[in-house]
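I need the structure of the sequence given here:
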Amino acid sequence: MGCRAEVATPAYPPSPPPYSPVDTPQPPDVAPAATIAPIVPESPPPAPADGGPWQVGHATWYGAALAGHKTASGERFDPSKMTAAHKTLKLGTWVEVRRTDNGRRVRVRINDRGPFGPPSWVIDVSRAAADELQMVRAGVVPVEIRIVAGP
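Numbering: from 1, shown residues only. Below you'll find the predicted structure:
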């Protein structure tokens, strides 16, 4: 029969003392938590007085895959309506989207948030708006956005 050797249990270091934020020094460049201001989203800039574009970038479109889903405004997405998603414009704002490479224009109401992609993507339009802009096949097109009074 074999003999059984005892295995020594390693001695673990003692537990560190309990954490105390009062005892923990703060680096000089870090403000105490109570003085850090909350992050507030930036308001979009006002429309240019000269009637120029409010924003320039690229438009994308979304359609049937999201039909019936709730938008940021709470309404259900309908690809046949003239609506769009924008990152910062107030929900309910009307904008004119002009495709800069062919001059086609459409007016849409902002009812959702997006697009979520490269920074140059400034607006996501519904399938109906994409049809008017003739951008369905291209998917992403250069545009200018102007804030307007309504449809």
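
any idea where the helices of this protein begin and end?
Listed in chain order, the helices found in the chain under DSSP state H are 127-133.

Could you pull out the strands in it for me?
55-62, 83-85, 94-99, 105-112, 121-126, 141-148 (DSSP state E).

Residue 70 is nearest to which of those strands?
strand 105-112 (9.1 Å; CB to CB). Just so you know, the C-beta spots here come from the backbone N, C-alpha and C atoms, and that holds for glycine as well.

where in the protein is pLDDT low?
1-51 (pLDDT under 70).

Apply 80 and report the result again.
1-52 (pLDDT under 80).

still on that earlier bit, looking at the strands of the chain, which is buried most?
strand 83-85 (a mean of 26; mean count of other CB atoms under 10 Å).

Which strands or helices does that strand pack on?
With contacts defined as 3 or more CB pairs under 8 Å, 6 or more residues apart in numbering; DSSP states H and E, strand 83-85 has these neighbours: strand 105-112, strand 121-126.

Adjacent strands (with direction) for that strand?
Strand 83-85 pairs in its sheet with strand 105-112 (parallel), strand 121-126 (antiparallel), by DSSP bridges.
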